[in-house]
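J.: Quick one: sequence and predicted model below, then my questions.
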Amino acid sequence: MKISIVYFSLSGSTKMLSQYIAEYLRSEGFSVAVNPLKTSDTGTFLTNCINAFRKKKVKLEYVPDIKKAEVVFLGSPVWAFNITPAIRTFLESTDLTGKKIFLFITYGSGKGKERAMEHFCQLVKSKGGNIIGKMDIKGKQVHEDFKKLKEIVVQCLKESQLINSSGQ
């Protein structure tokens, strides 16, 4: 089974979580492509928050091809109660019809994480994606809390019949 992980990370927390997820999935025998989104349109913290709040689109250096992926993990930090402009731009330019989607967000203070996840879910559903799971984690705790988060991923994959109790 082919899995794509698409994420945007500025501080490195979402990148670290993406790498942990990829390592776990590969250990289960999945073929995993990790696709960090890159843009030169990031600026100061305040500018980034304003752009996220306004639901601005940005120019991506490339748009990952996820057509062959059966499952897509999408990750974003929370900026101003929302997902990042890079993830929004990717989603608005991508067809998710028939894709199983797992969402994950990282956050700093925790304020707005529920609203950001709600927007994330709405956008994915509007693009035809089938959300099979979601999780959030405080950015500074990715390393410490990954074991707990891995359990969420495992349970989600089992419920979606993508792995059985003994693995894939």
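T.: Right, received. Where do you want to start?

J.: thought M135 was touching F104?
T.: Yes - checked against Cβ atoms under 8 Å, the pair M135 and F104 is within contact range at 5.0 Å. Backbone N, C-alpha and C define where each C-beta goes, glycine included.

J.: So which of the two has more stuff around it?
T.: In terms of neighbours (other Cβ atoms under 10 Å), F104 is the more surrounded of M135 and F104; the figures are 24 against 21.

J.: Please tell me the pLDDT value assigned to the more buried one.
T.: The score at F104 is 95. That number is its pLDDT.

J.: Next: Q155.
T.: pLDDT, Q155: 88.

J.: Help me confirm that it is found in a helix?
T.: Yes - note on Q155: a helix contains this position according to DSSP: H, G, I helix; E, B strand; the rest coil.

J.: beta partners of the closest residue to it other than its chain neighbours?
T.: The spatially closest residue to Q155, leaving aside those adjacent along the chain, is G133, at 7.8 Å (Cβ to Cβ, 6 or more residues apart in numbering). Taking DSSP bridges, one finds F102 as the beta-bridge partners of G133.

J.: residues contacting G133?
T.: G133 makes contact with 102-103, 152-153, 155-156, 159-160 under the criterion Cβ atoms under 8 Å, 6 or more residues apart in numbering.

J.: if we can go back for a sec, next, show the common contact partners of M135 and F104.
T.: Shared contacts of M135 and F104, defined by Cβ under 8 Å, 6+ apart, comprise L149.

J.: F81: neighbour count?
T.: One way to gauge burial is a neighbour count; for F81, by other Cβ under 10 Å, it gives 17.

J.: Next one, pLDDT for it please.
T.: Spelled out, the predicted local distance difference test score at F81 is 90.

J.: Distance-wise, check it relative to F53.
T.: Remark: distance between F81 and F53 (Cβ to Cβ, to the nearest Å) = 7 Å.

J.: can you check T106 too?
T.: Distance check for T106 against F53: by Cβ to Cβ, it reads 18 Å.

J.: Point me to the helix or strand that includes V58.
T.: In this structure, V58 sits in neither a helix nor a strand according to DSSP states H and E.

J.: residues in contact with it?
T.: When the contact criterion is Cβ under 8 Å, 6+ apart, the partners of V58 are 39, 41-42, 51, 85-86, 89.
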